[in-house]
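Q: Okay, sequence plus prediction incoming.
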Amino acid sequence: MYSGEYKMIILDEANMATYYNLFSVDDLLDFIRQNRKMSNW
């Protein structure tokens with residue numbers, strides 16, 4: 001999900017992944033929070 005090359009998540013694709021239970025909304029939010037702390041967003 002995060003290559004290190006870009007500091008963005010395509011929210012439409014993340015939304016579809018949560019819809020199809022590829023990962024949970026909590027997992028998505030944890031991922032965003034964790035990467036915001038580690039980057040210069």
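A: Now that the structure is in, tell me what you want to look at. Residues are numbered from 1 along each chain as shown.
Q: buried set for the longest helix belonging to the chain?
A: Taking DSSP state H as the criterion, the chain has its longest helix at helix 25-38. With burial defined by 16 or more other C-beta atoms under 10 Å, the residues of helix 25-38 counted as buried are Leu28. Glycine gets a C-beta too; all of them are placed from N, C-alpha and C.
Q: Return the residues in contact with the closest residue to Val25 other than its chain neighbours.
A: On the basis of C-beta to C-beta, 6 or more residues apart in numbering, the spatially nearest residue to Val25 that is not a chain neighbour turns out to be Thr18, at 5.3 Å. Residues in contact with Thr18 (C-beta atoms under 8 Å, 6 or more residues apart in numbering) are Ser24, Val25, Leu28.
Q: Let me know the helix or strand that Thr18 is in.
A: helix 11-19 (DSSP states H and E).
Q: for that helix, what is the average pLDDT?
A: Across helix 11-19, the average pLDDT comes to 86.
Q: angle of that helix against helix 25-38?
A: Between helix 11-19 and helix 25-38, the angle comes out at 140 degrees (axes from the mean of the first three to the mean of the last three C-alpha atoms, to 10 degrees).
Q: What are the buried residues along helix 11-19?
A: Residues of helix 11-19 classed as buried: Ala14, Ala17 (neighbour count, 16+ other C-beta under 10 Å).
Q: C-alpha coordinates for that helix, CSV please?
A: The C-alpha trace of helix 11-19 is given here as CSV (Å, rounded to 0.1, in the frame of the first residue of the first chain):
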residue,chain,number,x,y,z
LEU,A,11,-8.9,7.3,-1.3
ASP,A,12,-11.2,5.9,-3.9
GLU,A,13,-9.2,2.7,-4.1
ALA,A,14,-8.9,2.5,-0.3
ASN,A,15,-12.7,2.9,-0.1
MET,A,16,-13.2,0.0,-2.5
ALA,A,17,-10.8,-2.1,-0.6
THR,A,18,-12.6,-1.5,2.7
TYR,A,19,-16.0,-2.2,0.9
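Q: how far away is Ala17 from Asn35?
A: The spacing between Ala17 and Asn35, counted by C-beta to C-beta, to the nearest Å, is 16 Å.
Q: Same check on Tyr20?
A: For Tyr20 relative to Asn35 (C-beta to C-beta), the value is 22 Å.
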